[in-house]
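K.L.:
Pasting the sequence and the predicted model now:
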Amino acid sequence: MIRALAITVSNRASAGVYEDRSGPVLVRLLQEAGCEVDGPVVVPDGDPVEKALRDGVGSGYDVIVTTGGTGLTPLDLTPEMTRKVIDREVPGIADAIRREGELAGVPDAMLSRALAGLAGQTLVVNLPGSSGGVRDGMAVLSRVLGHAVDQAHGGDHPRHH
């Protein structure tokens, strides 16, 4: 069983201005992908994201998926906080998620600055803050999640004949 942590990055939802909508969608889709999920933990953008990611890595989660904070506004700092925590980037995941969004007819998908990478053996993936962006992103991530986690834990490459 893959242990997953869902983190919602939203200044307004963390302040109680409105309800977190994308986090519960993320939790459900991670469960459908075969994960045992904690969260969503709702944090404001900036330093609290770095702390939540470091806490999650320290707790030994196999995967941490964030939703929110990946856009172009001055307060969208999730990729910068993620970069402080990860050891190695896995750019293909974020690229595939953006590409899938564009193919699905969401031209704004190219504006996402989301990252994916490894912090030790924990896979960290940023998704957009909308429910649709979470659905599109998880459609991509769920296809490789098991293999990515296995690889992060030192698993061998499958043999294709």
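P.N.:
Noted; the coordinates are in hand.
K.L.:
low pLDDT regions in the protein?
P.N.:
158-161 (pLDDT under 70).
K.L.:
Now with 80, please.
P.N.:
Counting by pLDDT under 80, the chain has low-confidence residues at 156-161.
K.L.:
Helices along that one, start to end?
P.N.:
11-14, 22-32, 47-58, 78-85, 91-103, 131-152 (DSSP state H).
K.L.:
hey, C-alpha coordinates of the last one in PDB?
P.N.:
Which is helix 131-152. Once non-C-alpha atoms are left out, helix 131-152 reads as follows in PDB (Å, rounded to 0.1, in the frame of the first residue of the first chain):
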ATOM      1  CA  SER A 131     -10.600  20.500  -9.000                       C
ATOM      2  CA  GLY A 132     -10.300  20.100 -12.700                       C
ATOM      3  CA  GLY A 133      -6.500  20.500 -12.600                       C
ATOM      4  CA  VAL A 134      -6.300  17.900  -9.800                       C
ATOM      5  CA  ARG A 135      -8.400  15.400 -11.900                       C
ATOM      6  CA  ASP A 136      -6.300  16.000 -15.000                       C
ATOM      7  CA  GLY A 137      -3.100  15.700 -13.000                       C
ATOM      8  CA  MET A 138      -4.100  12.600 -11.200                       C
ATOM      9  CA  ALA A 139      -5.200  11.000 -14.500                       C
ATOM     10  CA  VAL A 140      -1.500  11.300 -15.500                       C
ATOM     11  CA  LEU A 141       0.100  10.600 -12.100                       C
ATOM     12  CA  SER A 142      -2.000   7.500 -11.300                       C
ATOM     13  CA  ARG A 143      -0.600   5.800 -14.500                       C
ATOM     14  CA  VAL A 144       3.000   5.800 -13.200                       C
ATOM     15  CA  LEU A 145       2.600   6.200  -9.400                       C
ATOM     16  CA  GLY A 146       3.200   2.600  -8.400                       C
ATOM     17  CA  HIS A 147       6.300   2.300 -10.600                       C
ATOM     18  CA  ALA A 148       7.600   5.600  -9.500                       C
ATOM     19  CA  VAL A 149       7.300   4.800  -5.800                       C
ATOM     20  CA  ASP A 150       8.900   1.300  -6.500                       C
ATOM     21  CA  GLN A 151      11.800   3.000  -8.300                       C
ATOM     22  CA  ALA A 152      12.200   5.600  -5.500                       C
END
